[in-house]
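Q: After the sequence you'll find the predicted model.
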Amino acid sequence: MLVKVYGSSVFGVEATIITVEVNMASGIGYHLVGLPDNAVKESSYRITAALQNNKYKLPGKKIIINMAPADLRKEGSAYDLTVAMGILAASEQIKAEKISDYLIMGELSLDGGLQPIKGALPIAIQAKKDGFKGFILPEQNAREAAIVSGLEVYGIANITQVIQFFDQNIPLERTEINTREIFFKGLDNFDFDFSEVKGQESIKRCMEIAAAGGHNIILIGPPGSGKTMLAKRLPSILPPMTLQEALETTKIHSVAGKVRDNVGLMSQRPFRSPHHTISDVALVGGGAYPQPGEISLSHNGVLFLDELPEFKRGVLEVMRQPLEDREVTISRAKFTVTYPSSFMLVASMNPSPGGYFNDPNAPVSSSASEMQRYLSKISGPLLDRIDIHIEVTPVPFEKLSEDRKGESSLEIRKRVTKAREIQVTRFSEYENIHYNAQMGSKQINKFCKLDSNSLQLLKNAMEKLNLSARAYDRILKVSRSIADLDGKEHISEGHIGEAIQYRSLDREGWLG
């Protein structure tokens, strides 16, 4: 008897339906075809044990299992439940008239329990698109898949529940969630708040400008000056995610298996902070079977690179193209996948190997040449892609001992959101531009026009600091964001002057 059961495979952030054809014939043997990887091939052992432990058996016949399309490589252990149900139905151990109406996925434990799978959300989206009635999957992924409305989602704990559902019509408990309620409930739940930061008013101002325009920022300062603390609080002042952004972000994390158990929709912007020993593949994504890297997991959020010069130069250089294009394309011989990577880069670094500025009173001092050698580990083209460079100085005792709380993240966020709304209106006619940092030359020329005084100030700065053409564009973008925070339609001399100050690493002699 031939039975068709349906599963799915994920490539990039999109899913493809896989038809698992199970045929029973006279003879003996177990043949699995259709380009399965080792994890799929090993499923026979898990399936055999799971069936035996639930009072079923692997039939003593010739079993041929084809996973179509046969030229597409199948990876992972998520097909265990699909294949097991196909074997039971084809061997007529259970009735399965309605099995083709459902997409079935899950990794089997030896006792028949279900382990979570990757990519539940994109699979659910594809299942609805292809007209399936429902999606049966492990209970840990049920809330994630239930985001998709119009699709019956059943989270299960054991294979017995699925068998009874098809064979005895014992109903499964449907997982239903209110996507909008979950989304709006989690928008303002942050672990960190800017009100906890003592002093550092100028740095908070930089962070506000960066958040308002989506600008990349680098913090330079000695140990203990608060660089990491400030970076961790940046997501709390970014504008709330839209429902579309939340779906995009959840989709990527779902593919990578990074969505926490029993969590439906991600409603907070991601904050990723990889260690400096990370490889280039782990950062940008890839591998034999490509997976999203840290830059894609940071999509719509923040990527924080602490101690930037400690990262391998090759790792940082592969990030240059995604910073410009806001997506990363990974090509293999037979296929190409593209992952979105529209993130804010926040980097921090010490100004020297010893960690301190050229200060004779510092615990560990470094010469100007040592500092320059240390800084040269970061290439000029990468620094050009960072809009804001700011020096962070240690907070004096008087500020640390103050009882007065600083401005809260919520108050800053209101100003940032208002500035972003101005930008959304401004760029409404452009499909892929939503905030100032994404502007190209055409938009800069249109929206960053300067009066004669501002133009002269910028010209003097360019000549004196020997700035590149890209740095020129960055200054204009940052000044546009400052003007938006002020609610001004036109960029003034003051806005340009403030933006020029945020190019510390371009200033000759900044090391003293």
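A: Received it, and whenever you're ready, just let me know what you need. Here the structure is a predicted model, which is why all the values come from computation and not from measurement.
Q: Let me see the contact set for residue 204.
A: By C-beta atoms under 8 Å, 6 or more residues apart in numbering, the residues touching residue 204 are 194, 197, 230, 406, 407, 412. To be clear about C-beta, it is placed using only N, CA and C from the backbone, and glycine gets the same treatment.
Q: Excluding covalently adjacent residues, which one is nearest to the first one?
A: To tie it back to what came earlier, the one meant is residue 194. Nearest residue to residue 194, sequence neighbours excluded (C-beta to C-beta, 6 or more residues apart in numbering): residue 409, at 4.6 Å.
Q: and which of the contacts of residue 204 is nearest residue 376?
A: Relative to residue 376, the closest of the contacts of residue 204 is residue 230; by C-beta to C-beta it sits at 25.2 Å.
Q: a helix runs through the closest one, doesn't it?
A: Yes: secondary structure of residue 230 (DSSP: H, G, I helix; E, B strand; the rest coil): part of a helix.
Q: pretty sure it is in contact with residue 218, am I right?
A: No: Residue 230 is beyond contact range of residue 218, at 11.9 Å (criterion: C-beta atoms under 8 Å).
Q: Report all helices and strands that the helix or strand containing residue 478 contacts.
A: Taking DSSP states H and E as the criterion, residue 478 maps to helix 469-485. With contacts taken as 3 or more C-beta pairs under 8 Å, 6 or more residues apart in numbering; DSSP states H and E, helix 469-485 sits against helix 201-213, helix 380-384, helix 409-426, helix 441-447, helix 452-465, helix 493-501.
Q: Can you tell me which of those is packed in deepest?
A: Most buried of the helices and strands packed on helix 469-485 by mean neighbour count (mean count of other C-beta atoms under 10 Å) is helix 201-213; its value is a mean of 22.
Q: Would you map the strands across the stretch 201-350 of the chain?
A: Using DSSP state E, counting those that start in this stretch, the strands of the stretch 201-350 of the chain run over residues 217-220, 271-272, 285-286, 291-292, 302-305, 327-331, 336-340, 344-349.
Q: So, low pLDDT: which residues of the stretch 301-450 of the chain?
A: Of all residues in the stretch 301-450 of the chain, those with pLDDT under 70 make up the ranges 354-366, 368, 397-401.
Q: tell me the domain ranges of the protein?
A: The chain resolves into domains spanning 2-177, 185-433 when parsed by automatic domain parsing.
Q: what's residue 58 in contact with, if anything?
A: Taking C-beta under 8 Å, 6+ apart as the test, what residue 58 contacts is 30, 44, 47, 48, 51, 52, 87.
Q: Go through this protein and flag its longest strand.
A: Looking across the chain with DSSP state E, the single longest strand is strand 14-25.
Q: how about the nearest residue to residue 470, chain neighbours excluded?
A: Using C-beta to C-beta, 6+ apart, the closest residue to residue 470 is residue 384 (4.2 Å).
Q: actually residue 304, not the one I wrote
A: Using C-beta to C-beta, 6+ apart, the nearest residue to residue 304 is residue 273, at 4.4 Å.
Q: Would you list the phi and psi of that neighbour?
A: phi -140, psi 80 (degrees, to the nearest 10).
Q: Go ahead and confirm it touches residue 307.
A: No: between residue 273 and residue 307 there is no contact under C-beta under 8 Å: 10.9 Å.
Q: List the contacts of the residue nearest in space to the middle of the chain.
A: By C-alpha atoms, centre = their mean, the chain has its centre lying nearest to residue 297, at 2.0 Å. The contact partners of residue 297, by C-beta under 8 Å, 6+ apart, come to 252, 253, 256, 258, 270, 272.
Q: Kindly recompute the last result at 6 Å.
A: residue 272 (C-beta atoms under 6 Å, 6 or more residues apart in numbering).
Q: measure it to residue 303 for me?
A: With the distance defined as C-beta to C-beta, to the nearest Å, residue 297 ends up 8 Å from residue 303.
Q: what sits in contact with each of the two?
A: With C-beta under 6 Å, 6+ apart as the test, residue 297 and residue 303 both reach residue 272.
Q: The spatially closest residue to residue 8 that is not a sequence neighbour: helix or strand, and which one exactly?
A: Residue nearest to residue 8 in three dimensions, not counting chain neighbours: residue 123, with 4.3 Å by C-beta to C-beta, 6+ apart. Element membership of residue 123, judged by DSSP H and E, is helix 120-129.
Q: What helices and strands are in contact with that helix?
A: In terms of contacts (3 or more C-beta pairs under 6 Å, 6 or more residues apart in numbering; DSSP states H and E), helix 120-129 is packed against strand 14-25, helix 142-145, helix 243-255.
Q: Find the least confident helix or strand in the chain, judged by mean pLDDT.
A: In the chain, no helix or strand scores lower on mean pLDDT, DSSP states H and E than helix 397-400, which sits at a mean of 66.
Q: for residue 4, helix, strand, or coil?
A: strand.
Q: Tell me how far it lies from residue 106.
A: For residue 4, the distance to residue 106 - C-beta to C-beta - is 18 Å.
Q: Between those two, point out the one with more neighbours.
A: In terms of neighbours (other C-beta atoms under 10 Å), residue 106 is the more surrounded of residue 4 and residue 106; the figures are 30 against 17.
Q: check contacts around residue 487.
A: Neighbours of residue 487 in contact, by C-beta under 6 Å, 6+ apart: none.
Q: Now do the phi/psi pair for it.
A: Dihedral angles (degrees, to the nearest 10) for residue 487: phi 70, psi 30.
Q: Relative to residue 426, how far out is it?
A: Counting by C-beta to C-beta, the gap from residue 487 to residue 426 is 13 Å.
Q: now residue 238
A: In this view, residue 238 and residue 426 are 18 Å apart by C-beta to C-beta.
Q: Could you pull up phi and psi at residue 155?
A: Dihedral angles (degrees, to the nearest 10) for residue 155: phi -90, psi 130.
Q: Leaving out the residues flanking it, which one is nearest to it?
A: Using C-beta to C-beta, 6+ apart, the closest residue to residue 155 is residue 142 (2.7 Å).
Q: need the contact list for the one you found.
A: 153, 155, 175.
Q: how far away is the closest residue to the last one other than its chain neighbours from residue 172?
A: Taking C-beta to C-beta, 6+ apart as the measure, residue 175 lies nearest to residue 142, with 4.0 Å between them; neighbours along the chain are not counted. Plainly put, residue 142 is 10 Å away from residue 172 if you go by C-beta to C-beta.
Q: Kindly report the same for residue 312.
A: In terms of C-beta to C-beta, residue 312 sits 49 Å off from residue 172.
Q: my guess is residue 124 contacts residue 136, does it?
A: No: counting by C-beta atoms under 6 Å, residue 124 does not reach residue 136; the two are 11.2 Å apart.
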